[in-house]
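Peer 1: Sharing a sequence plus its predicted fold:
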Amino acid sequence: MRRKIVVPLVVFVLSLAIYLPGNFTLSQGEKNAGAVGAIYWKGNLHTHSLWSDGNDYPDMIADWYKTHGYQFLALTEHNLLAEGEKWATAKKVEGNKGKALEKYVNRFGPTWVEKKMVDGKELVRLKTLEECKKLHEEQGKFLFVPAEEITHKFAKFPIHMNALNVNKAIKPVDGEGIRETMTVNLRNLEEQSKKSGNVTLGFLNHPNFQQSIPAEDIAMCSEIRFFEVHNGHSGVRNYGGDTFPSCEKLWDVALALRLGKLKMPLVYGLATDDSHEYHDIGLGKTNPGRGWVMVRSKQLNADSLLQAMHKGDFYSSTGVVLEDVAVSDGELIVKIKAEAGVSYRTEFIVTYADTSLDSTPVLDKDGKAVMVTRNYAGKIGVVAKDSTETTAKYKFTGRELYVRAKVVSSKLHPNPYQKGDFETAWVQPVVPASK
């Protein structure tokens, strides 16, 4: 029997000092200026291994990320943590012409790889997260963030949310709708955080996967502060479809509704891999290396990294590297670490406070409303300024609900989500106080 939990959906009204006239500064807690001595750390927060539906061993996957310049990694298996004993059929890993097990043994040696025969089948024991930590973690160099993908749905809507820095798997529970299903599961994460004392973070995965989650539900779910604006899985429809918008447009609509109507906090955008395939590399495969976050923190530990993310002190990338993101003297400043021979265009994207948020439903061919993001009359998420400088600046006018930046390079991604994708970075939105 499905468990039903009814949760009153109360919109928490934040301090109006953030939005009403005052000094021209960012609201406390929304500043993007990094702490003194903090540096950017590179990490992937959405990854699958043979513990769920990935096709490689967790220690091999971690080895890939570590040797490719990542400093932290979350193995996010579906509704479980990598703990206890689990054996995988060696033949299950058939990538790279059936040589996955051979690669594994060659990398770590026959004494590390545990095998046995059962009913004529060769099985391999999967290493636990704790074993992977002992093998790969190095203080100040590489870190695992314990995590899971809470995998659930409401009706035909897949509702998957990653839970970071957990110490126990969170069993998905039902809500009475899309919004409530997201709410109750994120509240379970928050409850675990209170009991454990860990800083945790939950984010909505691939909102356009299979059936698009409407931006209105994202906006009105006060527990959602993070979502995937870019996911490297080939089937998640980052760029939208015939009746529903791209993940970036979802972001802008959710931001506009939150800040222009609901007086709720910002939503931050993440880039992730959602990697499942590690042997056959190329377009259409769900490979690693397609999207990550760069988090500014003094220390490489889970609490420090997630605290920085809660403050919005990170950016997301598929290849573009930033030296700094800051707000100073009424400007959002983005400094790009330029690569020789590569050009960059920075778009400053805004929705203005006087933009109409009136909307109408999307209709199908029979004139019936489709359960997707609505059509909006106003211009939401417009490019207010672009720059080709490696230090790009946007001067706040006081008319903006928010400002975010997107940096697109002239360099094609070497293994893109979609053919023709250029390396990109997304800077988190900031809220300038009105004059």
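Peer 2: Sure, I can see it.
Peer 1: is Leu164 in a bridge, and if so with what?
Peer 2: Ala147, Leu201 (DSSP bridges).
Peer 1: Quick check on the nearest residue to Leu259 once chain neighbours are set aside: phi, psi?
Peer 2: Leaving aside its chain neighbours, Leu259 sits nearest to Leu401 (4.2 Å; criterion: C-beta to C-beta, 6 or more residues apart in numbering). Where you see a C-beta, it was placed from the backbone N, CA and C, and this is true even at glycine. Here is the backbone geometry of Leu401 (degrees, to the nearest 10): phi -70, psi -40.
Peer 1: Let me see the contact set for Leu401.
Peer 2: 255-256, 259-260, 350-353, 355, 431 (C-beta atoms under 8 Å, 6 or more residues apart in numbering).
Peer 1: in the stretch 201-350 of the chain, which spans are strands?
Peer 2: Assigned by DSSP state E, counting those that start in this stretch, the strands in the stretch 201-350 of the chain fall at 201-204, 226-231, 268-272, 292-297, 314-317, 322-328, 331-336, 344-352.
Peer 1: Spatially central, which residue of this protein would that be?
Peer 2: Leu270 (3.1 Å; C-alpha atoms, centre = their mean).
Peer 1: Sketch out the low-pLDDT regions of the stretch 101-250 of the chain for me.
Peer 2: By pLDDT under 70, the stretch 101-250 of the chain has no low-scoring segment.
Peer 1: related to what we said a few turns ago, so which of the strands of the stretch 201-350 of the chain is the most surrounded?
Peer 2: Most buried of these by mean neighbour count (mean count of other C-beta atoms under 10 Å) is strand 268-272; its value is a mean of 27.
Peer 1: Quick one: list the elements packing against that one.
Peer 2: Under the contact criterion of 3 or more C-beta pairs under 8 Å, 6 or more residues apart in numbering; DSSP states H and E, strand 268-272 touches strand 226-231, helix 247-257, strand 292-297, strand 314-317, strand 422-430.
Peer 1: need the ones you listed in CSV with distance to Gln307, can you?
Peer 2: As requested, the helices and strands packed on strand 268-272 are exported to CSV (distance: least, C-beta to C-beta, whole Å):
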stretch, distance to Gln307
strand 226-231, 13
helix 247-257, 22
strand 292-297, 8
strand 314-317, 11
strand 422-430, 15
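Peer 1: For Ser212, which of the ones you listed is the nearest?
Peer 2: Nearest to Ser212 among these is helix 247-257 (7.9 Å), distances taken as C-beta to C-beta.
Peer 1: Show me which residues of stretch 299-316 are buried.
Peer 2: 299-302, 304-316 (16 or more other C-beta atoms under 10 Å).
Peer 1: Same check on stretch 43-63?
Peer 2: 43-52, 54-63.
Peer 1: Nearest to Ser359, out of the helices and strands packed on strand 268-272?
Peer 2: Proximity to Ser359 (C-beta to C-beta) singles out helix 247-257 among these, at 8.8 Å.
Peer 1: which residues does the residue nearest to Pro245 when sequence neighbours are not counted contact?
Peer 2: Spatial nearest neighbour of Pro245, excluding adjacent residues (C-beta to C-beta, 6+ apart): Thr373 at 5.5 Å. Thr373 makes contact with 212, 214-216, 244-245, 249-250, 253, 362, according to C-beta under 8 Å, 6+ apart.
Peer 1: Thr373: helix or strand, and which one exactly?
Peer 2: strand 369-376 (DSSP states H and E).
Peer 1: Export only the CA atoms of that strand, formatted as PDB.
Peer 2: Provided in PDB are the C-alpha atoms of strand 369-376 (Å, rounded to 0.1, in the frame of the first residue of the first chain):
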ATOM      1  CA  ALA A 369      -4.600  22.200 -20.700                       C
ATOM      2  CA  VAL A 370      -1.300  20.300 -20.500                       C
ATOM      3  CA  MET A 371       0.300  19.900 -17.100                       C
ATOM      4  CA  VAL A 372       3.500  21.700 -18.000                       C
ATOM      5  CA  THR A 373       5.000  25.200 -17.300                       C
ATOM      6  CA  ARG A 374       2.500  27.800 -18.300                       C
ATOM      7  CA  ASN A 375       2.900  30.500 -21.000                       C
ATOM      8  CA  TYR A 376       3.900  33.900 -19.600                       C
END
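Peer 1: Quick one: mean pLDDT over that strand.
Peer 2: Taken as a whole, strand 369-376 carries a mean pLDDT of 97.
Peer 1: for stretch 320-330, same thing?
Peer 2: Stretch 320-330 shows a mean pLDDT of 97.
Peer 1: What of stretch 263-280?
Peer 2: Averaging the model's pLDDT scores along stretch 263-280 yields 97.
Peer 1: From the chain's centroid, how far away is it?
Peer 2: 3 Å (C-alpha atoms, centre = their mean, to the nearest Å).
Peer 1: quick one: buried residues of that stretch?
Peer 2: 264-279.
Peer 1: first to last residue in that stretch, what's the distance?
Peer 2: Stretch 263-280 has an end-to-end distance of 47 Å (C-alpha to C-alpha, to the nearest Å).
Peer 1: from the chain's centre, how far out does stretch 272-281 sit?
Peer 2: Stretch 272-281 sits 16 Å away from the centroid of its parent chain (C-alpha atoms, centre = their mean).
Peer 1: Contacts for it, please.
Peer 2: Residues contacting stretch 272-281 (C-beta under 8 Å, 6+ apart): 44-48, 53-56, 60-61, 64, 93, 95-96, 99-100, 205-206, 228, 230-233, 236, 285-293, 415.
Peer 1: Quick one: work out the angle between whichever helix in the chain runs longest and strand 369-376.
Peer 2: Longest helix in the chain, counting residues (DSSP state H): helix 178-196. Calculated by axes from the mean of the first three to the mean of the last three C-alpha atoms, to 10 degrees, helix 178-196 forms an angle of 80 degrees with strand 369-376.
Peer 1: In PDB, list the C-alpha atoms belonging to stretch 282-301.
Peer 2: The C-alpha coordinates for stretch 282-301 follow below in PDB (Å, rounded to 0.1, in the frame of the first residue of the first chain):
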ATOM      1  CA  GLY A 282      30.800   9.200 -27.000                       C
ATOM      2  CA  LEU A 283      27.700  11.000 -28.000                       C
ATOM      3  CA  GLY A 284      24.500   9.400 -26.700                       C
ATOM      4  CA  LYS A 285      26.300   7.600 -23.900                       C
ATOM      5  CA  THR A 286      25.800   8.700 -20.300                       C
ATOM      6  CA  ASN A 287      29.500   9.300 -19.600                       C
ATOM      7  CA  PRO A 288      31.400  11.200 -16.800                       C
ATOM      8  CA  GLY A 289      32.900  14.600 -17.400                       C
ATOM      9  CA  ARG A 290      30.000  16.500 -18.800                       C
ATOM     10  CA  GLY A 291      29.000  18.800 -15.900                       C
ATOM     11  CA  TRP A 292      30.200  19.700 -12.400                       C
ATOM     12  CA  VAL A 293      30.100  22.300  -9.700                       C
ATOM     13  CA  MET A 294      32.900  24.600  -8.500                       C
ATOM     14  CA  VAL A 295      32.400  25.400  -4.800                       C
ATOM     15  CA  ARG A 296      34.300  28.100  -3.000                       C
ATOM     16  CA  SER A 297      35.300  26.900   0.500                       C
ATOM     17  CA  LYS A 298      38.200  27.200   2.900                       C
ATOM     18  CA  GLN A 299      38.200  23.500   3.600                       C
ATOM     19  CA  LEU A 300      37.500  20.300   1.600                       C
ATOM     20  CA  ASN A 301      35.000  18.700   3.800                       C
END
